[in-house]
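Q: Predicted model and sequence follow; I will ask about them next.
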Amino acid sequence: MTMRFSVLASGSTGNAFYIESDQVKLLVDAGLSGKQMDRLLGEIKINPSALSGILVTHEHSDHIKGLGILARKYRLPIYANEKTWQAMENAIGTIALDQKFHFGVEEVKTFGDIDVESFGVSHDAAEPMFFTFRHNGKKVALVTDLGYVSERIRKTVEDADAYVFEANHDVEMLRMGRYPWNIKRRILGDTGHVSNEDCGLALSEIISNRTKRIYLAHLSQDNNMKDLARMSVHHVLTERGINLDICDTDPKTPTLLYEVG
């Protein structure tokens, strides 16, 4: 009886996360086209019609692009908080009433044998939230799209067996890059995205002896590189005496299903 997960896609162009137990199969976000979502799930041998539901973090298009198509095609229930429902309604098209469910911020919902806890994050969306997943004494934390890691978030996600954690940008690459200043300011601000170094610092405060693996997520295509993100986070952690498996994620290729145990 274990949990298994795959980061199906992660980055500025689209995000999706899959987690399962023996009883339940959950998708978090569907930020690529319906066709791409089918392909990604197929690559980890999951039939989309077998999904128990889709959880939504927030309404930005890199998280909901294929949501409406996928939900209608396979008659899947969607779970989101009220403000997110309002903000994304026009973008995802008509969803049947019996597929629409409310999942509030700082709420715990049980899907089969997985307890899912939502927590609010600081990001420029209507009411963005992310999740921890608990099953059989194991815990997985999904933490991206946030400007900073608050004390409250730290308490919620600490002591997990595995993390999918944002390492969006290298600060110098972003500062020197081609983005206009207002976009740079947004990314660097309190409602933007976490940098490589801040990712390492946050992780150093929340991981414990039970933590086995970290996936670096939501890397900017313009302002980061996988090797740089990994090296930066590794450097911060090893400075604090922490040595862990740090894994890449990709905008187009799912990670292998990882068994939490």
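A: Looks like it arrived, so ask away.

Q: Okay, and the beta partners of the spatially closest residue to residue 5 that is not a sequence neighbour?
A: Among residues not flanking residue 5 along the chain, residue 19 sits closest, at 4.1 Å (Cβ to Cβ, 6 or more residues apart in numbering). (Glycine included, C-beta is placed from N, CA and C.) As for beta bridges, residue 19 partners with residue 5, residue 26 under DSSP bridges.

Q: In this structure residue 19 contacts residue 7, no?
A: No: taking contacts as Cβ atoms under 8 Å, residue 19 lies outside contact range of residue 7: 9.9 Å.

Q: so residue 250 sits right up against residue 10, yeah?
A: Yes: with contact defined as Cβ under 8 Å, residue 250 and residue 10 form a contacting pair (6.9 Å).

Q: Near the residue nearest to residue 5, how many other residues are there?
A: Per other Cβ atoms under 10 Å, the neighbour tally for residue 19 reads 27.

Q: sorry, back to before: residue 250 and residue 10 - which one has more neighbours?
A: Shown here are residue 250 and residue 10; by other Cβ under 10 Å, residue 10 has more neighbours (29 against 14).

Q: Tell me, what's the model's pLDDT at the more buried one?
A: The model reports residue 10 with a pLDDT of 98.

Q: which other helices and strands contact whatever helix or strand residue 197 lives in?
A: Using DSSP states H and E, the element containing residue 197 is helix 196-206. Counting contacts by 3 or more Cβ pairs under 8 Å, 6 or more residues apart in numbering; DSSP states H and E, helix 196-206 is packed against helix 151-157, strand 162-166, helix 226-239.

Q: do that again at 6 Å, thanks
A: Secondary-structure packing of helix 196-206 (3 or more Cβ pairs under 6 Å, 6 or more residues apart in numbering; DSSP states H and E): helix 226-239.

Q: Give me the contact list for the helix it packs on.
A: 167, 170, 196, 197, 199, 200, 201, 204, 216, 219, 246, 248 (Cβ atoms under 6 Å, 6 or more residues apart in numbering).

Q: rerun at 10 Å
A: Residues outside helix 226-239 that contact it (Cβ atoms under 10 Å, 6 or more residues apart in numbering): 165-173, 195-204, 207, 214, 216-217, 219-220, 224-225, 242-244, 246-250.

Q: Tell me which helix or strand comes right after that helix.
A: strand 245-247.

Q: buried set for that next one?
A: Neighbour counts over strand 245-247 (16 or more other Cβ atoms under 10 Å) mark 246, 247 as buried.

Q: just stretch 215-222 next, same as before
A: 215, 216, 217, 218, 219, 220.

Q: Now go through those residues and say which are in helices.
A: Cross-referencing the buried residues of stretch 215-222 against helices under DSSP state H gives no overlap.

Q: May I see these organised as a markdown table, with pLDDT and distance to residue 128 added?
A: As requested, the buried residues of stretch 215-222 are exported to a markdown table (pLDDT from 0 to 100; distance: Cβ to Cβ, whole Å):
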| residue | pLDDT | distance to residue 128 |
| --- | --- | --- |
| 215 | 98 | 19 |
| 216 | 98 | 19 |
| 217 | 98 | 15 |
| 218 | 98 | 12 |
| 219 | 98 | 19 |
| 220 | 96 | 18 |
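
Q: and the end-to-end length of stretch 42-51?
A: Using Cα to Cα, to the nearest Å, the end-to-end distance of stretch 42-51 comes out at 12 Å.

Q: So which residues of the protein form strands?
A: Taking DSSP state E to define them, one finds strands in the chain at 3-9, 16-20, 25-28, 53-55, 78-80, 100-102, 108-111, 114-120, 129-135, 138-143, 162-166, 213-217, 245-247, 258-260.

Q: Now render those strands as TSV, adding distance to residue 61.
A: Below are the strands of the chain laid out as TSV (distance: least, Cβ to Cβ, whole Å):
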stretch	distance to residue 61
strand 3-9	13
strand 16-20	13
strand 25-28	16
strand 53-55	15
strand 78-80	15
strand 100-102	20
strand 108-111	25
strand 114-120	21
strand 129-135	17
strand 138-143	19
strand 162-166	18
strand 213-217	17
strand 245-247	26
strand 258-260	27
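
Q: Great, nothing more from me.
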